[in-house]
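Visitor: only geometry, no sequence info:
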């Protein structure tokens, strides 16, 4: 239990610690071996730039081994002169942002002889040695601490754990360094053992109690190691991949999310009663961009609760488009709305551009009520595929115009300008009123509309959850089913959690998780409706996954997740399908996304 608690505490405080980290905590290890010595690390404003040096004939050469010495690779040409030029353009600043810089010189040859030459060369660069934002720190072969007083005050030293220092000597110690292998054989994969963890924690605490900074050499150079060292509050993280570590640190805020608002997952009530029932109503919920990782991120952030995970029947949908291994929302939604694969960017037309009959059109012929809801623009690809036919998803105005020819009763989402401020001058809202619809560009009108046919297009209502969208989806769902309840007709509803996708494109974990949890509230609400109306089929799926999200850390106990994205676009991975209610068992297995349409139609046509 103690081990679990300690490891958990380390993980839990990652976000707090991460906010304190910047490129100033990066140690550019063996910087001279990088593709762009000095300039690569300097451009990322790293805290420490390290160069190994040998003295030969009173000249300092930068190399890892003596045999690697090259005449052109001198400390002066590779580091001192470039740094001096930068300082001349910045005045007293070491970096444009005014961050501090440590130039670590790791002495590989005789300590005293090498350090004398280092001191001589540094004196020829007064702009470096007098700069309060720059420190020169000697590591590797160092003189006995008792001799440090014999060297200029602008030279500091890299301390060691096994050395004892007088107060005067300790004042010359800029940091204390040690080989991590002294404490652990850990290779950077998985977690430290409890015993090794406690040893390292004790060492770090000891150094910090001396008001000194600490670094380890010999650490692995990967994301898991970086996270672990940040958890441990290590002051400097050594890396040969400065750009990658800088990117990782700079993106912590967008890849880490600590949830603070938790909801109770809905528990199914009537699972056993559905086996022999045939569906009359169908609710199709589409989490745009929602892959299994997005779902599990929501589960983690909600402390191990998700309505979606309480649905007993699951399957997998293969999302490939006709012309692409990776689908977009247009082709993905078209497959579910029509039962046909098509090209990316096509809205419910086949590969040649011929309109495909929509599920909403087919069911309307059988006296079904139909509704289309989106927490995004209602003319975007996913909702559009259920009422429009266009060869290009960006044709927002023609898409909106197509709704006039669609038999759907309810349309709710954003897209005000596509209906009221069109470039072609058409007033679609007037045309809708003439066709018997109530139209409003205010979501608040939802509370007062009495008509059974209505369109709401309010851009302000479909901002992100982060920006205050609130209960748009659940209110829209409640209004729709209450409206349909006034009729004896069966119904089909498609509701989209549009902005899970937006969060994936933005590579923002908080965006993804908050949208996922909002969508799950809708799922729970729909599950409850199914329990109270057992002739209803609920299908929950996605059109594709967005972001290539993986989870590299998290805590179900505290509700935080740390993610990593491999792309800012869609991926080809199969997406989950969850089914609940009458006919749900038909959705188990692995199948093409077109089968979602086919299975629904077959169930509704079964007598």
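Guide: Yep, it's here. Computed from a predicted structure; not experimentally measured.

Visitor: For the closest residue to residue 138 other than its chain neighbours, name its beta-bridge partners.
Guide: In space, not counting the residues next to it along the chain, residue 138 is nearest to residue 157; the distance is 5.2 Å by Cβ to Cβ, 6 or more residues apart in numbering. The way it works is simple: take the backbone N, C-alpha and C, and place the C-beta from them, glycine included. Here residue 157 sits in beta bridges with residue 138, residue 173, going by DSSP bridges.

Visitor: Distance check, residue 157 against residue 165.
Guide: The span separating residue 157 from residue 165 equals 9 Å under the rule Cβ to Cβ, to the nearest Å.

Visitor: Between these two, tell me which one has more neighbours.
Guide: Higher neighbour count among residue 157 and residue 165: residue 157, with 24 against 18, using other Cβ atoms under 10 Å.

Visitor: Which residues are in contact with the more buried one?
Guide: Residues near residue 157 by Cβ atoms under 8 Å, 6 or more residues apart in numbering: 137, 138, 139, 142, 145, 148, 172, 173, 174.

Visitor: TSV for these, including distance to residue 41, neighbour count and pLDDT?
Guide: Putting those into TSV (distance: Cβ to Cβ, whole Å; neighbours: other Cβ atoms under 10 Å; pLDDT from 0 to 100) gives the following:
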residue	distance to residue 41	neighbour count	pLDDT
137	15	22	98
138	18	25	98
139	16	21	97
142	23	21	97
145	28	19	97
148	27	22	96
172	24	19	97
173	23	21	98
174	17	21	97
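
Visitor: Including distance to residue 428, could these go into TSV?
Guide: Putting those into TSV (distance: Cβ to Cβ, whole Å) gives the following:
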residue	distance to residue 428
137	69
138	74
139	71
142	78
145	82
148	81
172	76
173	73
174	69
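
Visitor: Next, please give the residue ranges for the helices of the stretch 401-550 of the chain.
Guide: Counting by DSSP state H, counting those that start in this stretch, the stretch 401-550 of the chain has helices at residues 416-420, 428-434, 472-484, 499-505, 509-532.

Visitor: Can you check what pLDDT the model gives the nearest residue to residue 486 once chain neighbours are set aside?
Guide: Once flanking residues are discounted, residue 486 sits nearest to residue 452: 6.5 Å by Cβ to Cβ, 6+ apart. As predicted, residue 452 sits at a pLDDT of 97.

Visitor: my guess is residue 452 meets residue 485, correct?
Guide: No: the criterion here is Cβ atoms under 8 Å, and residue 452 misses it with residue 485 at 10.4 Å.

Visitor: which of these two has more neighbours?
Guide: It is residue 452, of residue 452 and residue 485, that has more neighbours when counted by other Cβ under 10 Å, with 16 against 10.

Visitor: Look up how far residue 464 lies from that one.
Guide: Residue 452 sits 31 Å away from residue 464, going by Cβ to Cβ.

Visitor: now swap in residue 236 and tell me
Guide: As defined by Cβ to Cβ, residue 236 lies at a distance of 37 Å from residue 464.

Visitor: the more surrounded of those two?
Guide: residue 236 (23 against 20).

Visitor: per-residue pLDDT, residue 3?
Guide: Note for residue 3: predicted pLDDT of 44.

Visitor: wait, what's in contact with residue 47?
Guide: Under the criterion of Cβ under 8 Å, 6+ apart, the contact list for residue 47 reads 23, 24, 25, 26, 27, 99, 100, 101, 102, 236.

Visitor: Let me see the contact set for the first one.
Guide: Read that as residue 23. Neighbour list for residue 23: 44, 45, 46, 47, 99, 246, 249, 250 [criterion: Cβ under 8 Å, 6+ apart].

Visitor: rerun at 7 Å
Guide: Residue 23 makes contacts with 44, 45, 46, 47, 246, 249, as judged by Cβ atoms under 7 Å, 6 or more residues apart in numbering.

Visitor: is it true that residue 472 touches residue 375?
Guide: Yes: Residue 472 lies in contact with residue 375 (Cβ atoms under 7 Å); the separation is 5.7 Å.

Visitor: Looking at those two, which has the bigger crowd around it?
Guide: residue 375 (30 against 23).

Visitor: and the residue nearest to residue 138, how far is that from residue 30?
Guide: According to Cβ to Cβ, residue 157 stands 19 Å off from residue 30.

Visitor: Equivalent analysis for residue 156, please.
Guide: With distances taken as Cβ to Cβ, residue 156 is found 20 Å from residue 30.

Visitor: how near is the closest residue to residue 552 other than its chain neighbours to residue 37?
Guide: Spatial nearest neighbour of residue 552, chain neighbours left out: residue 564 (5.1 Å); criterion: Cβ to Cβ, 6+ apart. Distance, residue 564 to residue 37, by Cβ to Cβ: 29 Å.

Visitor: just to revisit the earlier point, between residue 157 and residue 165, what contacts are shared?
Guide: Shared contacts of residue 157 and residue 165 (Cβ under 7 Å, 6+ apart): residue 173.

Visitor: can you give me the helices for the stretch 151-300 of the chain?
Guide: 167-170, 194-209, 223-231, 242-250, 252-255, 292-301.

Visitor: for those helices, which one sits closest to residue 530?
Guide: Nearest to residue 530 among the helices of the stretch 151-300 of the chain is helix 292-301 (19.2 Å), distances taken as Cβ to Cβ.

Visitor: Could you check the closest one and say which residues are buried?
Guide: Within helix 292-301, the residues scored as buried using 16 or more other Cβ atoms under 10 Å are 293, 294, 295, 296, 297, 298, 299, 300, 301.

Visitor: which residues does the first one contact?
Guide: Same thing as residue 293. Residues in contact with residue 293 (Cβ under 7 Å, 6+ apart) are 549, 550, 551.

Visitor: now do the last one
Guide: Remark: with contacts taken as Cβ under 7 Å, 6+ apart, residue 301 is in contact with 257, 259, 513, 517, 559, 560, 561.

Visitor: Out of those residues, name the two that are farthest from one another.
Guide: The span of these, defined through Cβ to Cβ, is set by 517 and 560 at 13.1 Å.

Visitor: Mind picking the one among the contacts of residue 23 that's closest to residue 228?
Guide: Comparing the contacts of residue 23 against residue 228 with Cβ to Cβ places residue 249 closest, at 14.1 Å.

Visitor: could you list every residue that touches the nearest residue to residue 347 once chain neighbours are set aside?
Guide: Sequence neighbours aside, residue 390 is the residue nearest to residue 347 in space, at 4.3 Å (criterion: Cβ to Cβ, 6+ apart). Residues near residue 390 by Cβ under 7 Å, 6+ apart: 347, 349, 398, 399, 402.

Visitor: ok, and for stretch 48-61, which residues are buried?
Guide: For stretch 48-61, using 16+ other Cβ under 10 Å, the buried residues are 48, 49, 50, 51, 52, 53, 54, 55, 56, 60, 61.

Visitor: Which two of the residues you listed have the greatest separation?
Guide: Spatial extent of the buried residues of stretch 48-61 (Cβ to Cβ) is set by the pair 48 and 56 at 25.0 Å.

Visitor: still on that earlier bit, shared neighbours of residue 472 and residue 375, anything?
Guide: With Cβ under 7 Å, 6+ apart, residue 472 and residue 375 have common neighbours residue 462.

Visitor: Wait, residue 235 touches residue 213, no?
Guide: Yes: if you go by Cβ under 7 Å, residue 235 and residue 213 touch, sitting 3.7 Å apart.

Visitor: joint contacts of the two?
Guide: Joint contacts of residue 235 and residue 213 (Cβ under 7 Å, 6+ apart) are residue 175.

Visitor: Go through the helices of the stretch 151-300 of the chain and name the closest to residue 125.
Guide: Smallest distance to residue 125 across those (Cβ to Cβ): 23.4 Å, for helix 242-250.

Visitor: where along the stretch 301-450 of the chain do the strands fall?
Guide: Ranges of strands in the stretch 301-450 of the chain, per DSSP state E, counting those that start in this stretch, are 313-318, 369-377, 410-414, 438-440.

Visitor: Distance to residue 600 and mean pLDDT added to these, as JSON lines?
Guide: As requested, the strands of the stretch 301-450 of the chain are arranged in JSON lines below (distance: least, Cβ to Cβ, whole Å; pLDDT from 0 to 100):
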{"stretch": "strand 313-318", "distance to residue 600": "13", "mean pLDDT": "98"}
{"stretch": "strand 369-377", "distance to residue 600": "13", "mean pLDDT": "98"}
{"stretch": "strand 410-414", "distance to residue 600": "19", "mean pLDDT": "98"}
{"stretch": "strand 438-440", "distance to residue 600": "28", "mean pLDDT": "97"}
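
Visitor: Nothing else from me, thank you.
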